[in-house]
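**Q** Have a look at this prediction, sequence included:
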Amino acid sequence: MLAFANAKINLGLFLTEKRVDGYHNIQTVFYPVKLYDVVELTDSDKTDCIIKGIDIQGNADDNICLKAFKLLQTAFDLPHQQIILLKNIPVGAGLGGGSADAAFIIKLVNDKFNLGLSIEKMQGYARVLGADCAFFIANKPAYAFAKGDDFEDVKIDLSTYFMVLVKPPIHVSTAEAYSNVKVKQPVTALKGLMDLPLNEWKDYVLNDFEISVFEKYPQIDEIKTKLYAAGATFALMSGSGSAVYAIFEKPLQLPELEIENLVFYDI
């Protein structure tokens with residue numbers, strides 16, 4: 001069995017408080033986009049993980065997909081499986097690719113072995129693996145708060161717009177981004193800002209990671225500036241970076257950004 005694990009972008013990201021457990025409390029809106037990894041489960045005489053496509057740092061034995069399967073394998077005494085991961089979603093980009101892969105493994109296991117797990121139960125397993133992993137279980141636009149794994153429904157549909165994602169050749173680790181960020185309480189909760197007209201988001205819907213990340217990597221700031229210059233209604237770095245997305249009223253091409261960056265159209 002296989003599944004297409006999609007990426008996400010953050011429609012704003014406020015870092016509101018440092019927690020005693022080492023995490024941060026945040027406010028963000030996760031929004032799924034059309035950029036996919038492929039995960040597959042096949043019967044095997046041992047449990048392992050094969051990774052193809054984009055190179056991922058570290059050992060395959062430590063991959064989050066394998067951790068996700070072993071979590072359920074232990075809980076339900078499941079037989080060995082080989083996990084095949086075809087990696088297309090850029091890493092170190094703030095797109096949640098690894099978390100998506102793990103969540104879709106949980107859903108594949110649930111389906112393949114008829115475990116009958118509810119959305120809530122699967123989210124519980126996903127929360128063990130990463131703060132944003134649980135989002136990909138329901139995989140629909142959601143306002144996320146606390147560590148980023150508590151959710152409320154949010155009604156937002158960007159399907160009538162043309163969305164572009166630009167990924168520079170820069171890897172921003174989540175730990176690196178968090179180490180330099182300053183926390184503050186927002187004047188208005190992010191969820192309420194989603195009701196503003198899209199052309200007003202630029203002034204209010206912010207990503208608190210941008211200040212420190214742009215300071216260290218001004219190339220990312222330049223990409224955002226060029227996207228606005230090209231006519232974007234809204235542009236923002238996703239998550240802890242380094243990818244920047246933009247929302248346009250109509251389709252376009254950005255060949256000047258393709259020279260040094262990966263550019264994904266109609267995400």
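**A** All right, it came through fine.
**Q** Could you list the buried residues of the biggest helix by length in the chain?
**A** Scanning the chain for the longest helix, with DSSP state H as the assignment, gives helix 97-112. Neighbour-count burial for helix 97-112, counted by 16 or more other C-beta atoms under 10 Å, picks out 97-110. Where C-beta positions appear, they are placed from N, C-alpha and C, glycine not excepted.
**Q** Max pairwise distance over these: which two?
**A** Across the buried residues of helix 97-112, the longest distance by C-beta to C-beta is 20.5 Å; it joins Gly97 and Asn110.
**Q** related to what we said a few turns ago, right, and the helix or strand after the longest helix of the chain?
**A** Downstream of helix 97-112, the first helix or strand assigned by DSSP states H and E is helix 119-129.
**Q** Pick the one among the buried residues of helix 97-112 closest to Tyr217.
**A** The nearest one, if we look at the buried residues of helix 97-112 relative to Tyr217 and count by C-beta to C-beta, is Gly97, at 19.4 Å.
**Q** Asp203 versus that closest one, what's the distance?
**A** 30 Å (C-beta to C-beta, to the nearest Å).
**Q** if we can go back for a sec, tabulate the buried residues of helix 97-112 (TSV), appending distance to Asp55.
**A** Formatted as TSV, those follow (distance: C-beta to C-beta, whole Å):
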residue	distance to Asp55
Gly97	13
Gly98	14
Ser99	19
Ala100	18
Asp101	15
Ala102	19
Ala103	22
Phe104	20
Ile105	20
Ile106	24
Lys107	26
Leu108	23
Val109	26
Asn110	29
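**Q** Save the residues you listed as TSV, and put in pLDDT and distance to Tyr245 too.
**A** Shown next, in TSV, are those (pLDDT from 0 to 100; distance: C-beta to C-beta, whole Å):
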residue	pLDDT	distance to Tyr245
Gly97	96	14
Gly98	96	18
Ser99	97	17
Ala100	98	16
Asp101	98	20
Ala102	98	22
Ala103	98	21
Phe104	98	21
Ile105	98	26
Ile106	98	26
Lys107	98	25
Leu108	98	27
Val109	98	31
Asn110	98	30
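**Q** For the stretch 151-267 of the chain, which segments count as helices?
**A** Listed in chain order, the helices of the stretch 151-267 of the chain (DSSP state H, counting those that start in this stretch) span 174-179, 190-193, 201-204, 210-216, 218-229, 255-258.
**Q** Not counting its own residues, what contacts the first one?
**A** Read that as helix 174-179. Taking C-beta atoms under 8 Å, 6 or more residues apart in numbering as the criterion, the residues outside helix 174-179 that touch it are His24, Phe209, Ser212, Val213, Gly239, Ser240, Gly241.
**Q** Distance check, the fourth one against Cys65.
**A** So the one you mean is Val213. Separation of Val213 from Cys65 (C-beta to C-beta): 27 Å.
**Q** do the same with the second one
**A** The spacing between Phe209 and Cys65, counted by C-beta to C-beta, is 26 Å.
**Q** burial measure for the residue lying closest to Lys250 once chain neighbours are set aside, as a count.
**A** Once flanking residues are discounted, Lys250 sits nearest to Phe162: 5.9 Å by C-beta to C-beta, 6 or more residues apart in numbering. Burial of Phe162 is recorded as 17 neighbouring residues (other C-beta atoms under 10 Å).
**Q** Surely Phe162 touches Pro251?
**A** Yes - counting by C-beta atoms under 8 Å, Phe162 sits close enough to Pro251 to count as a contact (4.7 Å).
**Q** overlap in contacts of these two?
**A** With the criterion set as C-beta under 8 Å, 6+ apart, the overlap between the contacts of Phe162 and Pro251 is Tyr265, Asp266.
**Q** Just the element for Asp55, please.
**A** With DSSP H and E as the criterion, the answer for Asp55 is that it lies in no helix or strand.
**Q** show me the contacts for it.
**A** Taking C-beta under 8 Å, 6+ apart as the criterion, Asp55 is in contact with Lys87.
**Q** quick one: it and Gly92, what's the gap?
**A** Between Asp55 and Gly92 the computed distance is 12 Å (C-beta to C-beta).
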